[in-house]
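# Everything below, folded, please.
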Amino acid sequence: MSSITHWLSDPRMHDYLAIVKGARNGFVYGVKVRFPHALIMAILFGRGDWKSRVLVIYKATKQHAFNLAKFVSLYKILLLLQRKANGGKQRSADTFVAGLLGGYVVFGDRSAVNEQIVLYVVSRVIASFMPRTGSPYSKVPAGGSESVVRPIPPDPRYFSVFAALSWGAVMWLFQHRGEAIQPGMFNSMTYLYRDSEVWTDLRTLLWHNT
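Modelled structure (predicted):
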C-alpha cells in the first residue's frame with residue numbers, strides 16, 4: 001500500500017493521474033446533475049409508462065455523465081500535449097484550443113442532452129461580459145487561499161437590464177417564434193403560460209393541469 005501511495009504522490013505522475021481524476025469527477029458530476037433533472041422532467045412531462053420513462057432517465061444520465069467524463073479527460077490531455085510541445089509552459093490560448101477541440105469532439109453531435117449542456121455554457125459565457133461588482137461571492141473559498149481567483153457577482157444595475165432583456169426576448173420568442181426555443185424550455189413555458197389558460201372544472205383549475 002505504501003508503494004501505491006508513493007506512486008500516486010510522485011510529481012512525475014501528477015499530470016497523467018489528473019486526467020484519470022478528471023474523468024472520474026466528470027462522470028460523478030454528470031450523474032449528480034442529470035439524474036434529478038431527468039427524474040423531475042419525467043414526472044412532470046414524461047409520456048408513456050414508467051418503464052419507458054426510467055429508460056429515458058437512464059439514457060440521459062448515462063450520456064451526460066460519460067460526455068462530461070470524456071470532455072474533462074480530453075481537455076486535460078490536449079492541455080498536456082500543448083504544454084509538452086511548448087517546453088513545459090502553458091500559453092494563454094492553450095485552454096481555448098483544448099476547449100474548442102474537446103467541445104467539437106464530445107458535444108458537436110446534436111442531442112437533447114448536448115444541446116442543454118451547450119446552452120448552459122453559452123449563457124454563462126454571455127453573462128461573463130456583464131460588468132462586475134467590487135467584491136467576490138465569498139471572501140475565501142473552501143479549501144482555498146487568498147491567491148485563488150474567486151467569482152465576482154455582476155453589478156446589480158447591469159444585471160437588472162440583462163434580466164429584463166432576457167425575459168422580454170424569451171417571451172417574445174415563445175409567442176412568435178416558438179420553434180426556435182430549446183424543447184425543454186418550450187415545454188416548461190407551455191406548462192406555465194399556455195396550460196394555465198385552460199381548465200374545465202375546479203379540479204383542473206387548482207389541483208391537476210388537465
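# pull the helix or strand with minimum mean pLDDT from this structure.
In the chain, no helix or strand scores lower on mean pLDDT, DSSP states H and E than helix 2-8, which sits at a mean of 85.
# just the helices in the chain please.
For the chain, the helices defined by DSSP state H occupy 2-8, 14-45, 50-85, 94-107, 112-127, 156-176, 183-189, 202.
# Restrict the fourth one to CA atoms and write it as CSV.
What that stands for is helix 94-107. In CSV, the C-alpha atoms belonging to helix 94-107 read as follows (Å, rounded to 0.1, in the frame of the first residue of the first chain):
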residue,chain,number,x,y,z
ASP,A,94,-4.0,26.6,-24.8
THR,A,95,-7.2,26.5,-22.7
PHE,A,96,-9.2,27.9,-25.6
VAL,A,97,-7.7,25.4,-28.1
ALA,A,98,-8.3,22.5,-25.8
GLY,A,99,-11.8,23.5,-25.1
LEU,A,100,-12.5,24.2,-28.8
LEU,A,101,-11.3,20.7,-29.9
GLY,A,102,-12.8,18.9,-26.9
GLY,A,103,-16.2,20.7,-27.4
TYR,A,104,-16.3,19.8,-31.1
VAL,A,105,-15.4,16.1,-30.5
VAL,A,106,-17.6,15.5,-27.4
PHE,A,107,-20.5,17.9,-27.7
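# and it, which residues are buried?
94, 98-99, 102-103, 106-107 (16 or more other C-beta atoms under 10 Å). Yep, even glycine has a C-beta here, placed from its N, CA and C like the rest.
# what angle sits between it and helix 50-85?
150 degrees (axes from the mean of the first three to the mean of the last three C-alpha atoms, to 10 degrees).
# Residues contacting helix 94-107, please?
67, 70-71, 74-76, 78-79, 82-83, 86, 114, 117-118 (C-beta atoms under 8 Å, 6 or more residues apart in numbering).
# residue nearest the centroid of the chain?
residue 117 (4.6 Å; C-alpha atoms, centre = their mean).
# Test my guess that it contacts residue 64.
Yes - taking C-beta atoms under 8 Å as the definition, residue 117 is a contact partner of residue 64 at 7.2 Å.
# which regions of this protein sit below the pLDDT cut-off?
Applying pLDDT under 70 to the chain flags the ranges 1, 138-147.
# and residue 64, how many residues sit next to it?
25 (other C-beta atoms under 10 Å).
# do residue 77 as well
16.
# What residue, apart from its backbone neighbours, is nearest it spatially?
Distances taken as C-beta to C-beta, 6 or more residues apart in numbering place residue 19 nearest to residue 77, at 5.9 Å, with adjacent residues excluded.
# could you flag which of the contacts of helix 94-107 are buried?
Of the contacts of helix 94-107, these count as buried by 16+ other C-beta under 10 Å: 67, 70-71, 74-76, 78-79, 82, 114, 117.
# If anything else comes up later, I'll come back, but that's it for now.
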